[in-house]
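Student: the sequence and its predicted three-dimensional model are supplied below.
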Amino acid sequence: MAIENTLSIIKPDATRRDLTGLVNAKFEKAGLKIIAQKRLHLSKAVAQKFYEVHKDRPFYNDLVEFMISGPIIVQVLRGEGAVILNRTVMGATNPSEADEGTIRKEFAESIEANSVHGSDSSENAINEINFFFAEIELLI
Ligand code: ADP
Ligand code: MG
């Protein structure tokens, strides 16, 4: 599989509990290099735009409120098959269904406050990275 980039977000439930380092250790142990990251506190408009794909889902408004409830860490992870690899390291959306050893199994509080976001396809990864990062931030 080719080397690719994927977008990851450490969500407010995890930054609130100071889990950034433990989450990042999971990525690095799995072979995902953290090639860019920054701490942001999203405005409502930005969170709504990022999650626009979910705007008709019943959980959309709650999800937006949750994502602006505290700071997040947006990051670009790089590795072989990074999109799928990151989804494996994250675990299932619902932590009660997540495999042992995954981030969500170990750290998530609920199906909503599930500690991390990860792109779900190579195409979405490119779009999501471009949403948060400028080209210059990825060239170092
Ligand atoms: P994933 O983050 O695993 O790709 P989705 O893209 O389906 O999952 O959903 C985006 C986010 O919306 C989830 O990570 C979670 O924070 C929230 N979410 C998903 N399903 C629910 C639900 N049934 N109830 C509350 N929040 C949800
Ligand atoms: Mg998703």
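Tutor: Okay, I see it. Ligands and ions are numbered 1, 2, ... in the order given.

Student: the closest residue in space to residue 41 that isn't next to it in sequence and ligand 1: what is the separation?
Tutor: Take residue 41 and drop its neighbours on the chain: the residue closest to it by CB to CB, 6 or more residues apart in numbering is residue 71, 4.8 Å away. (Glycine included, C-beta is placed from N, CA and C.) Counting by CB to the nearest ligand atom, to the nearest Å, the gap from residue 71 to ligand 1 is 16 Å.

Student: wait, doesn't residue 71 sit right on residue 12?
Tutor: Yes. The criterion here is CB atoms under 8 Å, and residue 71 meets it with residue 12 at 6.8 Å.

Student: got the contact list for the residue nearest to residue 41?
Tutor: Residues in contact with residue 71 (CB atoms under 8 Å, 6 or more residues apart in numbering) are 12, 15, 39-41.

Student: can you give me the helices for this structure?
Tutor: Applying DSSP state H to the chain gives helices spanning 12-16, 20-29, 44-50, 60-67, 82-90, 103-107, 122-132.

Student: looking at those helices, which is nearest to ligand 1?
Tutor: Across the helices of the chain, the minimum distance to ligand 1, taken as CB to the nearest ligand atom, is reached by helix 60-67, at 4.6 Å.
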